[in-house]
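Chemist: Test case, fold it:
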Amino acid sequence: MQPEFREFAAAGAAGVSVLLITLVIAEFFAYTSKTYKEKFIQEASTELEDVLLELPPGRILDFSLALSALSAFLGVAVFALWASSWSWTKAIFIGTTLAIGSFPLPRVYLRYKKKKRLTMFNEQLEDALTSMSSALKAGFSINQALETVAQENRRPISVEFRLLVQEIRLGVHLETALHNMEERMESDDLELVSTAIITARQTGGELTVIFERLAGVIRERSRIQGRIRSLTAQGRLQAIIVASMPYILMLAMSYIVPHMMSMFFDSLLGILMIIGVTILVIIGFLVIKKITTIDI
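Modeler: Alright, predicted model coming up:
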């Protein structure tokens with residue numbers, strides 16, 4: 001066999017191998033991205049339903065991608081305008097960091113809205129129990145007492161009770177409708193109220209007394225939670241300061257001694273060190289947050 005033919009055969013085999021490896025990698029990334037997209041849309045759909053927003057779940061993914069691209073573009077543009085020396089390594093690092101950091105922000109906002117809505121619901125639940133207790137004392141049935149809360153113009157509790165009443169009118173049993181409401185809200189106080197209503201209906205308990213006692217329990221629980229939040233406020237602030245301090249120091253050092261910080265961005269070891277610091281900061285932030293989160 002001629003040497004030229006062997007070289008040609010080796011080059012052809014290497015080319016075919018590279019092509020096959022590229023196809024396998026492309027297929028893997030295509031499958032991974034498709035799976036992540038389906039999971040992302042499913043979770044976004046659940047979060048949109050939790051905050052009662054009439055928005056296609058795929059739109060949240062579009063917002064996330066658009067915000068990620070815009071953040072990366074603005075970050076690189078600001079770096080190009082204000083940096084004393086241009087470096088593709090720094091530009092790529094800044095753009096990638098901002099893109100990854102801003103991608104989950106739309107879903108973070110949805111979770112914030114859900115948490116805020118749940119807080120308002122729990123605060124209004126005490127007054128709702130008092131209203132239902134007064135309605136029962138006036139001779140109303142439990143369904144009519146639920147309707148009195150649904151007719152009040154106090155969001156979000158009136159919206160949730162309106163959905164509850166509509167399900168009952170469509171033939172859904174009260175117990176099932178209450179369980180559906182629990183799944184939508186994921187509120188411990190509502191679960192306590194639902195269990196009390198179901199138990200009282202099965203055993204013939206006095207709902208008016210139960211509602212008054214539950215209102216007192218929820219009131220005391222809210223007071224304790226407020227006390228805990230005030231006591232752990234310093235710890236939560238420390239978590240934010242500790243998490244942001246390395247990056248504030250990095251920006252300050254980049255402005256004071258830019259040649260020193262360039263050593264981190266111009267070498268693979270420096271970039272890996274920054275990534276390692278970021279991972280450790282995130283772990284520390286989560287640990288402090290876990291310590292300052294007290295469930296009662």
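
Chemist: quick one, helices of the stretch 101-250 of the chain?
Modeler: 105-137, 142-151, 157-169, 174-185, 188-203, 207-231, 233-256 (DSSP state H, counting those that start in this stretch).

Chemist: right, and the ones you listed - which one's nearest residue 74?
Modeler: Nearest to residue 74, of all the helices of the stretch 101-250 of the chain, is helix 105-137, at 13.8 Å by CB to CB. Glycine gets a C-beta too; all of them are placed from N, C-alpha and C.

Chemist: Quick one: work out the angle between that closest one and helix 157-169.
Modeler: Here the directions of helix 105-137 and helix 157-169 differ by 70 degrees (axes from the mean of the first three to the mean of the last three CA atoms, to 10 degrees).

Chemist: Can you mark which positions in helix 105-137 are buried?
Modeler: Judged by neighbour count using 16 or more other CB atoms under 10 Å, the buried positions of helix 105-137 are 106-107, 110, 113-114, 117-118, 121-122, 124-126, 128-129, 131-133, 135-136.

Chemist: With mean pLDDT and distance to residue 291 as new columns, can the helices of the stretch 101-250 of the chain be given to me in CSV?
Modeler: Compiled in CSV, these are given as follows (pLDDT from 0 to 100; distance: least, CB to CB, whole Å):
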stretch, mean pLDDT, distance to residue 291
helix 105-137, 83, 19
helix 142-151, 82, 38
helix 157-169, 83, 32
helix 174-185, 82, 27
helix 188-203, 81, 21
helix 207-231, 82, 12
helix 233-256, 81, 7
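
Chemist: Low-confidence stretches in the stretch 1-150 of the chain?
Modeler: Low-confidence segments of the stretch 1-150 of the chain (pLDDT under 70): 1-58, 83-86.

Chemist: hmm, back to that, any idea which of the helices of the stretch 101-250 of the chain gets closest to residue 280?
Modeler: helix 233-256 (9.0 Å).

Chemist: got the angle between that closest one and helix 207-231?
Modeler: 40 degrees.

Chemist: Mind giving me the packing neighbours of the following helix or strand past helix 233-256?
Modeler: Counting by DSSP states H and E, the next helix or strand C-terminal to helix 233-256 is helix 258-265. Counting contacts by 3 or more CB pairs under 8 Å, 6 or more residues apart in numbering; DSSP states H and E, helix 258-265 packs against helix 88-102, helix 233-256, helix 268-292.

Chemist: Just the C-alpha atoms of helix 258-265, please, in PDB.
Modeler: What follows is helix 258-265, C-alpha atoms only, in PDB (Å, rounded to 0.1, in the frame of the first residue of the first chain):
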ATOM      1  CA  PRO A 258      -6.700  46.800  36.400                       C
ATOM      2  CA  HIS A 259      -3.400  45.000  35.500                       C
ATOM      3  CA  MET A 260      -3.700  42.800  38.600                       C
ATOM      4  CA  MET A 261      -7.300  41.700  37.900                       C
ATOM      5  CA  SER A 262      -6.300  41.100  34.200                       C
ATOM      6  CA  MET A 263      -4.300  38.100  35.400                       C
ATOM      7  CA  PHE A 264      -7.500  36.400  36.500                       C
ATOM      8  CA  PHE A 265      -9.300  37.000  33.200                       C
END
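
Chemist: All good on my end, thank you.
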